[in-house]
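Engineer: I would like to see how this sequence folds:
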Amino acid sequence: MDPTMLIMLALIGVLIIFMFRNGKKRQQAMQELQNGLRPGAEVMLQSGIYGTIENVDEEQNRVTILSGTSTLIAHRSAVAQIVAPVEGETEELGGGLAPDDDPAFGERLTDEDPIAEPKIDDRPTQGDEPGDTQPPKA
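Structural biologist: As a prediction, the model looks like this:
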């Protein structure tokens, strides 16, 4: 076989591998989304409508969504993303994570913090005294 033909076949093989890998990632993300559909979660439908889930019917794969004053019944796959998950769900998922205790941007550190600002020496240097009128040496 020609070396260019081998390179072409290898590239096609790599593309096929990446297609399968991407498909599995998409399926896993969709499964996580479907598992997160619980009453009280704020969601966005694929049509762009925002609402809160009132009821999830597992048998018929439908969700009842309250959007403003309207109630919508949609297929579970019509939910594009979960905007705000249910509070109980976040405790389950984030229970093992360390708390974020870093200071916010612009927040000053207290004196108890181990990182302290360096102290400035306030003693006058040569030429800074009030009686000195000589220009500093260059």
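
Engineer: now Glu58: phi and psi?
Structural biologist: In terms of degrees, to the nearest 10, the main-chain angles of Glu58 are phi -70, psi -30.

Engineer: neighbours of it, how many?
Structural biologist: Each residue near Glu58 was counted by other C-beta atoms under 10 Å, and the total is 8. For the C-beta atoms, the positions are set from N, CA and C on the backbone; glycine is no exception.

Engineer: can you give me the pLDDT of it?
Structural biologist: Listed pLDDT for Glu58 reads 85.

Engineer: how close does it get to Asn35?
Structural biologist: For Glu58, the distance to Asn35 equals 11 Å [C-beta to C-beta, to the nearest Å].

Engineer: for the lengthiest helix in the chain, which positions count as buried?
Structural biologist: Secondary structure assigned by DSSP state H gives helix 3-35 as the longest helix of the chain. Using 16 or more other C-beta atoms under 10 Å as the test for burial, helix 3-35 gives Leu33.

Engineer: where does Gln34 land on pLDDT?
Structural biologist: pLDDT, read off for Gln34, is 82.

Engineer: show the contacting residues for it.
Structural biologist: Gln34 sits next to Arg76 when contact means C-beta atoms under 8 Å, 6 or more residues apart in numbering.

Engineer: try Ser67
Structural biologist: Ser67 touches 49-52, counting by C-beta under 8 Å, 6+ apart.
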